Structure formats: structure tokens, C-alpha cells
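Trainee: Next input, structure requested:
(one chain, ligands or ions: 1)
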Amino acid sequence: MDSFNPDDVAVRSGHFIGGEFVDVGERRIEVARPSDGVVYASVPFADAEMVDRAVENAWQAFRTSGWARMAPRERARILRRFADLVDADAPTLGRLEALGSTRPIAQAIGWDVPFTAEGIRFYAEFADKLGGDVAATDHDHLGMTIAEPYGVIGAIAPWNFPLVMASWKIAPALAAGNAVVLKPSEMTPFSVLRLAELAVQAGVPAGIFNVIQGDGRVTGDELVRHPRISKVTFTGSTRTGASIMAACANSGTKPVTLELGGKSPQIVFADAPRLDDVARRIAGAITGNAGQVCVAGSRLLVERSLAEPLAERIGRIFAESKAGATWAAGTTLSPIISAPQAARIEAIVGRTLEAGATLRYGGVRADGGAHGAFYTPTLLTDVTARSEAVREEVFGPVLTLQTFDTEEEALALAQHPEYGLAAGVHTADLGRALRFVRGLEAGTVWVNRYGRTSDFMIPTGGYKRSGIGKDLGRQAYEANLRFKSVLIDLRV
Ligand code: NAD
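Mentor: Predicted structure coming up:
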């Protein structure tokens, strides 16, 4: 994919309600490009009244548009067409994504857009697969469960993969027959607007997929608490997730799916095959999107004899990464989303070093050729479980290295007191790998790899404070349905 000029990208702003852009109201949020900090557009701010308008619109569309009642295969056909339009729109969607987020253009077009389209296709295929069950009853009764959509789902997404994270919310919700009101992050509001526009072009009835713009404290909170929202699905930080859960409890005991933060370990045993490949996996899991990934493999736990050769290799790979604007074709190291976030990364690294850690690589701002915030891939050694960079989700390209001598020690180090999102185990010993699969408190365990494939059937979600419920897989589809039990007395 070629580089592009960020000033050439046309950006359409607004909320998207009832199938139309709505750009009204005096209060606005300015939106900056992470690559150079330039404010390139603004979005309107949805106050309580605008949230209400979007949710009421969605509710009316849910009741009257026929989306929930149509033959499921027809819904699937419309969603497949939606996915095709997303694929065909890759040049526009990819540029919008790269312009306003931390996703380099090559990755936005090569992965984010097709992955979004394929996720929609995956859930389209579910539309007629799970209708409910007939229960085993005596002959005088017929008992069954009927799967029904909730109505209007409130979806709240983060900034780190704006399209993909939003698609994980909207695709199963729509396929199950719901209407959705999505609030993207105020830092990355535009690519999902285009997504909503494409949905309508594909035949999703107006009002079934709406987008509202605004912050979390007012707009997000109003959305969560709105009485017509029957279920909430959220991806973001653990702290926000907790307050959303409380808001759900206090506004109608709404069910909620929470995909939250992580501090995921990568455990490497001395028998791990092909050390060069292992090093590449470890480095890739912390440099991808500059570490701004919920499942970033941020804690390296390595068998002592391997620590030095592995650290050296990781350092060489770190040095290859090319920081640059997201619109430059050769960029491999993304900018940090904002200056305050870069300062936070710097502060955590600084305090960890002051507390006795050693800076092995990186630890400084990188020059991305633009004026945004870039941070070099960083390796910290001589850390303990109490070090700040080991405890806290940094959300930057910062890897800590701890050594172990025994399997028991490795497992104990791997368990984080709060988080349990993902983990990677690298070993040639199958029994040991499976002992870790069993023992690790994590929602996902990768063995001799790190990161997702495009096997959408494998769900993602956290243990402990990393979340509740799953995105992807059959589970995410079922989570967008509620089940009605029916018992019919046949003797009457
Ligand atoms: P965030 O929690 O600050 O914000 C996420 C979204 O919630 C934004 O749209 C924001 O406007 C909204 N929000 C904030 N406060 C709110 C409130 N009180 N009520 C309703 N909405 C509110 O998170 P972020 O900085 O955008 O994203 C980074 C975090 O997301 C990291 O912790 C990361 O681990 C996590 N994340 C998790 C997954 C996963 O699948 N587990 C995936 C991606 C990101």
C-alpha cells in the first residue's frame, strides 16, 4: 500500500442516527491525528438529549423495520453484502483508519479492514443457526427455549483498533436481530461512521446501526443508563469497565459484556524450538500497534539459561522497527495515541528504573519523522513482581524480563494478581505446555505462538479483572440473544 497525503482525506463528521449524518450542537470535540498531533476535524458532542434521540430511533427501527422479524437468511444476505462493501471500500476505510488512529496504512488495509469484513461475514453465517432448543419433557408437554434479540444494544469501543473492536460488538448484535447504538472513542470517531454508512447501503434498515459521538463521562454514561438499552457491550480499560458495570446494575440490572485490560505473560522455556522465531514472536507481541493492544505480551518470563541470548535477539528485532506516520508506507512502529499517554509510558518506565530496574533497550522517545509521540521498543530487566512496569498495564511498547529456574516458579510469576487476559507458553514439551494451559488464570492461552489467527470461532475475553463474557466465537453471538422458556400443556 502506498503512502498517502493526510490532508487529502475527506472526513465526514457527525453522529449517525436513523440512517443519516446528524451534525448539530455547539459543543464539539476536536480530534487530532496521533502521528503528528494536528487537529484535523471535530465531532459534535452527544448530550443526554442526543443519546435519547439515537436510542429511541434504534428502538423504533427495532420494532418497525422488520430487521428482527425477517427470515434469518435474508438478514444474513444483507450482512454478507455489508461485508462485501467493507472489503470494496478498503481504500477509503483504510485511509480513514490510518489517518485518525495508530494503525499504519499497510496494516489498516492489509488486516484491519479485511478482518472487519470477515468478522461481519462470520456472524452473518450465525443468523439462522441458533434458534433455541426443544427440551426433553413428558409426552403431555412441549417445552422449548426460543432465542430472541434483546432490542437495542449499547456498544462502547476503545481507540486502539477502532474498526475491528467496533465490528466485534456490532456484527454479532446485528446478526442476532438487534439494533445497536455504538459510541466509539472520542479519539477515533470517524472510521466507524463510514462503517455505519456502508451498512445502510447494504440494506441494513435505517436506525438499526447508529453511532453517537462524545466522551465517556457524559455520552457513554447516558448511553449505558438509557432505559431502552437492554444490554451493554464494552471494550476498554478495567477502571471504566467497573463503573459501567455499576451503571448497568443501577439502571435496570442490564447484562454486560466487558473486554478489559491485561498484563499478559509470555513464558519461554529453554527447550523452546527455534529461538530466532521465538524472539520474533515475543518482540512482535509488544511492538505491534506500539504495545497498544489489550493482549500485548508485556511480561517476558524466561528460563534463566536462555535469558541473555533471547534478550539479545529481541534487542536486534526492536532495532529494526521503523517509527513513522501512519500514512507512510514503510511504518512498522505506530505512534502513541496521544501526548499524555506517551508521558504516562515515560513516567512508568522512569519510576521502574528509579526503583532499581535496568534499561536494556529503548526507554526514549523515538523520532517518527512527524511531530506525534513515538516511543522506542523498550526492554527492562532486573524487575520483580512488585515493579510498576510489571504490575501496571503500560499500553506502550514496554517489555519486562524476569527469569525463572523451575516450572512452578514460572507459573507463580505468570499469574497476575488482577489481570488474566492472555498468556503465551513456548516449549517443546507437550506435557508442560498442557500443564500451563490448565494452570494459567487467563482467558486465552497460546502455545508456541502469540496472537489471534482469523479463526473467529475461538472467542476472546478475560479472567479476573480482565473482563466478563466473550467477544467472537459462538459465545458472542449467544450473548446478543436472550432465551425465553416456553412450556405447553398438550392435554388442554
Ligand atoms: P477507556 O476505558 O478509557 O475508554 C473506552 C471507551 O469507554 C471510550 O469510548 C470512552 O469514551 C468510554 N468511556 C469512558 N468512561 C466511560 C464511562 N464512565 N461510561 C461509559 N463509557 C465510558 O479505554 P481506552 O483508553 O479507550 O482503551 C484502552 C483500554 O482498552 C486498555 O485498558 C485495553 O487493555 C483495553 N482493551 C481491551 C480489549 C479486550 O478485548 N479485552 C481490547 C482493546 C482494548
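
Trainee: Backbone dihedrals for the closest residue to the ligand within the stretch 51-200 of the chain, please?
Mentor: Per Cβ to the nearest ligand atom, residue 158 is where the stretch 51-200 of the chain lies closest to the ligand, at 3.2 Å. C-beta: built from backbone N, CA, C; applies to glycine. Phi and psi for residue 158, reported as degrees, to the nearest 10, are phi -90, psi -180.

Trainee: for the helix or strand residue 200 falls within, packing partners?
Mentor: If you go by DSSP states H and E, residue 200 is part of helix 191-202. Other elements packing on helix 191-202 under the criterion 3 or more Cβ pairs under 8 Å, 6 or more residues apart in numbering; DSSP states H and E are strand 15-17, helix 72-88, helix 90-100, helix 162-175, strand 209-211.

Trainee: Switch those over to JSON lines; also include mean pLDDT.
Mentor: Below are the helices and strands packed on helix 191-202 laid out as JSON lines (pLDDT from 0 to 100):
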{"stretch": "strand 15-17", "mean pLDDT": "98"}
{"stretch": "helix 72-88", "mean pLDDT": "98"}
{"stretch": "helix 90-100", "mean pLDDT": "98"}
{"stretch": "helix 162-175", "mean pLDDT": "98"}
{"stretch": "strand 209-211", "mean pLDDT": "98"}
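
Trainee: Spell out which residues sit in contact with residue 38, please.
Mentor: Each residue near residue 38 by Cβ atoms under 8 Å, 6 or more residues apart in numbering is listed here: 6, 32, 371.

Trainee: Go ahead and confirm residue 80 touches residue 123.
Mentor: No - Residue 80 lies out of contact with residue 123 (Cβ atoms under 8 Å); the separation is 10.2 Å.

Trainee: When those two are compared, which one has more neighbours?
Mentor: residue 123 (25 against 17; other Cβ atoms under 10 Å).

Trainee: Report the secondary structure element holding that one.
Mentor: Using DSSP H and E, residue 123 falls in helix 113-124.

Trainee: Ok, residue 301 next?
Mentor: Residue 301 is part of strand 297-303, with elements assigned from DSSP H and E.

Trainee: Please enumerate residues in contact with that strand?
Mentor: With contact meaning Cβ under 8 Å, 6+ apart, strand 297-303 is reached by 263-270, 282, 285-286, 291, 310, 314, 390, 393-394, 398-405, 410, 413-414, 416, 422, 424, 450.

Trainee: Could you break the chain into its assigned domains?
Mentor: Following automatic domain parsing, one finds the domains of the chain at 6-260+467-485, 265-455.

Trainee: interface residues of the protein facing the ligand?
Mentor: 156-160, 165, 183, 185-186, 215-217, 220-221, 224, 235-237, 240, 243-244, 259-262, 294, 393, 395, 421, 460, 462, 467 (Cβ under 6 Å from any ligand atom).

Trainee: returning to that earlier point: how about the residue of the stretch 51-200 of the chain closest to the ligand, nearest residue that isn't a chain neighbour?
Mentor: Leaving out its chain neighbours, the residue that sits closest to residue 158 by Cβ to Cβ, 6 or more residues apart in numbering is residue 236, at 4.5 Å.

Trainee: on that earlier part again, which of the contacts of residue 38 has the most neighbours?
Mentor: residue 6 (20 neighbours).

Trainee: returning to that earlier point: just the buried subset of the contacts of strand 297-303, written out for PyMOL, thanks.
Mentor: Selection command for PyMOL covering only the buried members of those, criterion 16 or more other Cβ atoms under 10 Å:
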select buried, resi 263+264+265+266+267+268+269+282+285+286+291+310+314+390+393+394+398+399+400+401+402+403+404+410+413+414+416+422+424+450
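
Trainee: before we move on, what SS does residue 318 have?
Mentor: helix (DSSP: H, G, I helix; E, B strand; the rest coil).

Trainee: Could you measure from it over to residue 273?
Mentor: For residue 318, the distance to residue 273 equals 22 Å [Cβ to Cβ, to the nearest Å].

Trainee: So between those two, which is more surrounded?
Mentor: Between residue 318 and residue 273, counted using other Cβ under 10 Å, residue 318 has the larger neighbour count: 22 against 10.

Trainee: that older thread, does the residue nearest to residue 158 really touch residue 245, like I thought?
Mentor: No - when contacts are counted by Cβ under 8 Å, residue 236 is not listed as touching residue 245 (11.9 Å).

Trainee: Specify which residue of the two has the higher count of neighbours.
Mentor: residue 236 (22 against 17).

Trainee: I'd like to know which of the domains of the chain is closest to residue 492.
Mentor: Nearest of the domains of the chain to residue 492, taken as Cβ to Cβ: domain 6-260+467-485 at 9.7 Å.

Trainee: Enumerate the residue intervals of the protein where per-residue confidence is below the cut-off.
Mentor: 1 (pLDDT under 70).

Trainee: Which residue lies nearest the spatial centre of it?
Mentor: residue 165 (4.0 Å; Cα atoms, centre = their mean).

Trainee: ok, back up a step: the inter-axis angle of the helix holding residue 200 versus helix 162-175?
Mentor: Here helix 191-202 runs at an angle of 40 degrees relative to helix 162-175 (axes from the mean of the first three to the mean of the last three Cα atoms, to 10 degrees).

Trainee: How far off centre is helix 191-202?
Mentor: 19 Å (Cα atoms, centre = their mean, to the nearest Å).

Trainee: buried residues in that helix?
Mentor: Within helix 191-202, the residues that count as buried by 16+ other Cβ under 10 Å are 191-200, 202.

Trainee: Report the angle between it and helix 90-100.
Mentor: Interaxial angle of helix 191-202 relative to helix 90-100 (the same axes, to 10 degrees): 160 degrees.
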